[in-house]
Every structure is written in structure tokens, then in C-alpha cells.
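Colleague: take a look and give me a structure for this.
(one chain, ligands or ions: 1)
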Amino acid sequence: MADAPYKLILLRHGESEWNEKNLFTGWVDVNLTAKGEKEATRGGELLKDAGLLPDVLHTSLQKRAIRTAQLALEAADRLWIPVNRSWRLNERHYGALQGKDKAQTLAEFGEEQFMLWRRSYDTPPPALANDAEYSQFSDPRYATLPPEVRPQTECLKDVVVRMLPYWFDNIVPDLLTGRTVLIAAHGNSLRALVKHLDGISDADIAGLNIPTGIPLYYELDSDFKPVTPGGKYLDPEAAAAAIEAVKNQGKKK
Ligand SMILES: O=C(O)[C@@H](CO)OP(=O)(O)O
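Modeller: Just a heads-up that it's a prediction; the model follows:
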């Protein structure tokens, strides 16, 4: 067992095709845009410049996170490290909102309902039928999950509940060996983890947004609490601007 501080890097995937189109995405497996690929590569360069070289990668089953990790690790010359993938790191399932335009949804349902669905801790969007166009119910990558575990919608609380077992069982043990851990995941699965790490209240987590493609570095003490609350973005200026953009999604266009 290595001594604290433990080194953890969180990386949200680069811009996806549906981020660009301003559509609710969730479990729909969309690809990166050319801009998203560049963000991922730059994320890896930032890691290399900071001397933060990942020893192990944990990522979701979704290609925007998988490809972001790949591009970042290529830029940092760490393509060879071991990789673990889990549905528990997937984006929040967005239920019946998957595939819907954020601006149209805001216009149709009003700001209060829109923000409740987007950022409240415990109000999930309406469920998505298993035979709906954007359902992942029959996707072979989830075939080992019992049908009742495959979500039809999720609120952030649901994500915390399904993500934390993976954190405790698979990620903490890697940190304990002294390895620098990279988690390449999604806006809301990372919000769930940050909520846990920083002890953010159910109310305050609504105000936390995570930008695409900018590594967020945490040193964790022996109790796995952040040495610096909120961690440190490797490019704080770009992160501040991008956080504002995520916050205002739906309000433009
Ligand atoms: O659509 C989604 O799946 C997420 C992340 O892109 O969006 P939001 O930031 O609105 O929760």
C-alpha cells in the first residue's frame, strides 16, 4: 500500500456530435466531433506537460469517453497502460429526453422543469420505453445486466448509487497501490463522483458543471478526501469559460 496523497485525474470526454447539436444524449453512443478529438488530444498534452502520467485507465462503455481516453493517452505516450471499462461510469441515462433538443425542451416545458430534469439531484426525466428509438435496452454491451438493472431513466442520485460501488471496488484499490488513476467519463457520472469526493450537498450539486476535455486533478488524502477542495483544472481559464457554456446549454440557439 502506498502513502497518500493519491493521484486522481478526471477527464470528461471531448465535444460529442450531440453536444454540438445541443441534444440530450445520456446512454446514446454518439461519437466525438473533430473539435472533441482536438480537446482530447490537448487534454493528454496538458497531462504530459504537468508530468501527470496515468498508470491505469478506468472508462465507460461509451465511445466518446473511450476515444477521448485513447487520444489523450496517445498524446501523453501512455497508450500501453491497463484499461478497465464499466457501465457504472456511463453518462446518466436521460430517459425520454434522449435525442431531444435542449433549446426546444426548455421552450416547451419552461426553465423550472427543464432545470429540474437537468440538474436536480433526485428528479429523473420520464422513463424511455425499451422499444423506443433511442433506447439501449437491447444493446449487446449491456446483455450481462439483468433487465431490471438496465435503466430507462436516471436522476443524479441514481448515478451516485450505481457509480459508487465501482469507485470503492475498482478505483480505490488502484489508488492504494500508488498508481496515478485516469477516469475518462461523462458530465454527469463525473458530477456524481465529485459530489462524493467533495461532500457537496444535494442542493449545491445543481450548480456544478464539468467542461469537456480539460483534466481535473485531485490529490486525495488517506481518507480519500481532496487535499484541495474541488481539485485543480490543468487549464483553469479554459475550464471557467467552458463551465459557463455547459451551464447555459439550451438557452442559446
Ligand atoms: O446530454 C447529456 O447527456 C448531458 C451531457 O452532455 O447533458 P447535460 O449537461 O444537459 O446534463
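Colleague: any part of the top strand by length along the chain near the ligand?
Modeller: Criterion DSSP state E: the longest strand present in the chain is strand 6-12. No - using C-beta under 6 Å from any ligand atom, strand 6-12 stays clear of the ligand, with a minimum separation of 8.5 Å. C-beta here means a position set from N, CA and C on the backbone, and glycine is covered the same way.
Colleague: got the contact list for G178?
Modeller: Residues near G178 by C-beta atoms under 8 Å, 6 or more residues apart in numbering: M1, A2, D3, Y6.
Colleague: give the helix, strand or coil label for the third one.
Modeller: Of the three states, D3 takes coil under DSSP: H, G, I helix; E, B strand; the rest coil.
Colleague: got a pLDDT number for it?
Modeller: Listed pLDDT for D3 reads 94.
Colleague: just the buried members of the contacts of G178?
Modeller: Buried by 16 or more other C-beta atoms under 10 Å: Y6, out of the contacts of G178.
Colleague: circling back: what does the next helix or strand after the longest strand of the chain contact?
Modeller: Downstream of strand 6-12, the first helix or strand assigned by DSSP states H and E is helix 17-21. By C-beta under 8 Å, 6+ apart, the residues outside helix 17-21 that reach it are F24, T25, V28, V30, N31, L32, T33, K35, G36, D101, T212.
Colleague: could I get those residues as TSV with distance to E15?
Modeller: Listed next are the contacts of helix 17-21 as TSV, based on distance: C-beta to C-beta, whole Å:
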residue	distance to E15
F24	15
T25	11
V28	15
V30	10
N31	10
L32	7
T33	5
K35	5
G36	4
D101	17
T212	5
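Colleague: what residues does this protein have near the ligand?
Modeller: N19, F24, T25, G26, E91, Y94, R118, G187, N188, V246, Q249.
Colleague: residue contacts, the residue lying closest to the second one once chain neighbours are set aside?
Modeller: Looking back up the chat, that one is F24. Distances taken as C-beta to C-beta, 6 or more residues apart in numbering put L97 closest to F24, at 4.1 Å, once the chain neighbours are dropped. Contact analysis of L97 by C-beta under 8 Å, 6+ apart lists F24, G26, T105, W117, P125, P126.
Colleague: what separates L97 from L106, distance-wise?
Modeller: 11 Å (C-beta to C-beta, to the nearest Å).
Colleague: again, but for S16
Modeller: Using C-beta to C-beta, we find S16 at a distance of 20 Å from L106.
Colleague: which of those two has more neighbours?
Modeller: S16 (27 against 18; other C-beta atoms under 10 Å).
Colleague: who's in contact with that one?
Modeller: Taking C-beta under 8 Å, 6+ apart, one finds T25, V30, N31, L32, T33, G36, R64, T212 in contact with S16.
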